[in-house]
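**Student:** the following comprises the amino acid sequence and a computationally predicted model.
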Amino acid sequence: MPTGHFRSLRNSLGQGIPHPLYALPLSCELCPRRCGVDRAAGERGVCGAAGEVLVARAALHFWEEPPISGEDGSGTIFFSGCPLRCVYCQNASIALGEAARAITVERLAAIMGELEAAGALNINCVTPTHFAPQIRAAVALAREQGMALPVLWNTGGYETVEAVRGNVGFVDAYLTDFKYADGELAARYSRAADYPEVALAALKAMVEATGAPCYDEFRGQERLVSGVVVRHLMLPGALENSKAVVRLLHERFGSDVRLSLMNQYTPVIARAADAGDARAAAALAASPELGRAVPDSEYEQLLDFADALGVEDYFWQEGGAAEESFIPAFDFTGVDDR
C-alpha cells in the first residue's frame, strides 16, 4: 500500500515514534475483521483498540509449553483488546479492555529488555495482532539496544496472511491457536464463521515464514527458537470439533508444526454470570454447555484419537489444568516505568 495511506502514529503522550514501521493504516485491516476504522485518529476497532499500545501485564510466565517456559519462565507481555472476543474467554478482563494501560513504543522496547534481564527464555507477545506495527517497531528498537531473545507471536490464530508476512524479520516463532474446524461453532462462540479457513491460511503462512519447529539449548533448557506450536483448547461438548482440528492439522502439516492439545478450559463464564455479569449471563443462556469443564473422559478420547492418527511428539496436559489459579493477575505488573 502506498505510504500516503498511512499516518505516523502519535500516542496519547504526544510522542512521535521515529521508526518507519510505526504507522497505522487510515482504514484498519490489521486483522480479518477489516473494520476499516482510523485508529490513528482515535477511532476504536472491533478489537477495542485505538492508537495507543495497551498492556495489562509483563512478567515471567511459567505455564506455557516446556520449550517456551522452561524452568526460568517466558517473558510474557499481555496486550489488551482482542479481534475475536470469544464468549468463553479465560482472559476476558483484558480481551474486553477492562485491564489496559497505555504505553509508548519506547517503553514496550524497554520492557522487552527488562524481561531479558529477569532471565526470560524469550519475549512472548500475547494477543498482539491489533498492535502489530507498534510491536514490530518495539522489537526493532529492543534489538538495537541489545535484546537478543527469540520473539514469539502468541495468537488466537485469527490472522491475515498479510499480517503474518509483515512479521518476517521481527517474529521468530508462533504459538498459535487453532480453535475451530467447525464454522458454525466459530460463529456461535466467536462471531467468526470464517475462522477455519482464515486460520488455516494464516497457519500456512506461519509455517512458510518460520519453518518446522527448531530448538536450542539455553542455560541447560530446551528452547523453541523458530517454527510453530499450534494449540487447541478442547471445549465442553465439542469433541467432534476437536477431532476435526487434529485431523486437519495432522493431514495438512504433519511434523511441520507441533500440536498442543489442551484440557484447561475453565468455566469462568459461569462464575461471572453468578456474580451478576449480564454479558456472561446472556452468553451462558445461549450456550449452557460452556458452564462446565471438559470431562477427563472426553479429553482422553481426543488423545486416543490423535495417537490412532499417528500424531507424534505433541504436548498434552495432565489433570488439574482447568484451574483459575493458572490465569495470571492482570494488575499491570511490569508495565510502568521503573
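**Tutor:** Looks like it came in fine.
**Student:** in the protein, which strand is the longest?
**Tutor:** Secondary structure of the chain per DSSP state E: the longest strand is strand 221-233.
**Student:** tell me what it is packed against?
**Tutor:** Counting contacts by 3 or more Cβ pairs under 8 Å, 6 or more residues apart in numbering; DSSP states H and E, strand 221-233 is packed against helix 66-69, strand 173-177, helix 195-210, strand 214-218, helix 239-253, strand 258-262. To be clear about C-beta, it is placed using only N, CA and C from the backbone, and glycine gets the same treatment.
**Student:** for the record, mean pLDDT for the fourth one?
**Tutor:** Throughout strand 214-218, pLDDT has a mean value of 98.
**Student:** other SSEs contacting that strand?
**Tutor:** strand 221-233.
**Student:** the strand it packs on - what's its average pLDDT?
**Tutor:** Rounded mean pLDDT across strand 221-233 is 98.
**Student:** please identify the deepest-packed of the helices and strands packed on strand 221-233.
**Tutor:** The highest mean neighbour count among the helices and strands packed on strand 221-233, using mean count of other Cβ atoms under 10 Å, belongs to strand 173-177: a mean of 25.
**Student:** who does the helix or strand just after it touch, helix- and strand-wise?
**Tutor:** Sequence order places helix 183-190 as the next helix or strand after strand 173-177, per DSSP states H and E. Helices and strands touching helix 183-190, by 3+ Cβ pairs under 8 Å, 6+ apart, are helix 195-210.
**Student:** ok now the helix it packs on, how far from the chain's centre?
**Tutor:** With Cα atoms, centre = their mean, to the nearest Å as the basis, helix 195-210 stands 14 Å off its chain's centre.
**Student:** what is that helix packed up against?
**Tutor:** Counting by 3+ Cβ pairs under 8 Å, 6+ apart, helix 195-210 packs on helix 161-166, strand 173-177, helix 183-190, strand 221-233, helix 239-253.
**Student:** which other helices and strands contact the last one?
**Tutor:** Helices and strands touching helix 239-253, as assessed by 3+ Cβ pairs under 8 Å, 6+ apart, comprise helix 195-210, strand 221-233, strand 258-262, helix 296-309.
**Student:** neighbours of A285, how many?
**Tutor:** A285 has 10 neighbouring residues, counting by other Cβ atoms under 10 Å.
**Student:** for it, phi and psi?
**Tutor:** phi -60, psi -40 (degrees, to the nearest 10).
**Student:** so, low pLDDT: which residues of the stretch 201-338 of the chain?
**Tutor:** Residues of the stretch 201-338 of the chain meeting the criterion pLDDT under 70: 319-326.
**Student:** let's see that with 80 instead.
**Tutor:** Where the stretch 201-338 of the chain drops to pLDDT under 80, the residues are 319-327, 338.
**Student:** okay if I get the helices and strands packed on helix 239-253 as a markdown table plus distance to G183?
**Tutor:** Converted to a markdown table, the helices and strands packed on helix 239-253 look like this (distance: least, Cβ to Cβ, whole Å):
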| stretch | distance to G183 |
| --- | --- |
| helix 195-210 | 6 |
| strand 221-233 | 16 |
| strand 258-262 | 21 |
| helix 296-309 | 20 |
